[in-house]
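J.: Below: sequence and its predicted model.
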Amino acid sequence: MTTYDFAPLFRTAIGFDRLARLADNAASTQDASSYPPYNIEKTGDETYRLTMAVAGFRPEELDLVVKDNTLVVSGRVLPDAPKHEVLYRGIAGRAFERRFVLADHIVVDGADLQHGLLHVGLKRVVPEALKPRRIAIGGAEPTRIADVPQVAQAA
């Protein structure tokens, strides 16, 4: 496993401790299970869609929680589901938990379950205070030479 030393960065930068946590989390999730499979798509300039294959799960068995810029998608099979004798299990119905780190100002726009695929809409919402704005430069109108009074020359 590769480790990164962020100490030189922290000597001159303030507020980048989240970067170290993000790098550590990314390194630790490489060993995690690949279940359930998912896609992340960019659907517009500021919109994204997360699609997870959750075949066999009902909407009430899925849970989406956003906390501290982390989206947690989890699935638990409820015990009241009808039990059948399964001769071959090719569709996994086991519990899972997937974590996704969200960039600043990314919010969950909605979620939908269709045909065994969970679609989670995400969009970037930048607050007005953080958007670039043009500052008008104030001041008097420029003075033209013809408007400046002439000083009488002494003879």
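T.: Alright, I've got the coordinates. Numbering: from 1, shown residues only.

J.: quick one, domains of this protein?
T.: Domain segmentation of the chain under automatic domain parsing yields 1-32, 34-128.

J.: pretty sure Pro8 is in a helix, no?
T.: Yes - assignment of Pro8 by DSSP: H, G, I helix; E, B strand; the rest coil places it within a helix.

J.: when you give positions from now on, start the count at 35
T.: Okay, residue one is now 35; in that scheme the one you just asked about reads as Pro42.

J.: element containing Gly155?
T.: Assigned by DSSP states H and E, Gly155 falls within strand 151-158.

J.: Compute the number of surrounding residues for the nearest residue to Leu56 once chain neighbours are set aside.
T.: Nearest residue to Leu56 in three dimensions, chain neighbours excluded: Val135, at 5.9 Å (Cβ to Cβ, 6 or more residues apart in numbering). For glycine as for every other residue, the C-beta is placed from the backbone atoms N, C-alpha and C. Look at Val135: counted by other Cβ atoms under 10 Å, it has 15 neighbours.

J.: Can you report how many residues lie near the closest residue to Val141 other than its chain neighbours?
T.: Nearest residue to Val141 in three dimensions, chain neighbours excluded: Val159, at 5.3 Å (Cβ to Cβ, 6+ apart). Val159 sits with 9 neighbouring residues when counted by other Cβ under 10 Å.
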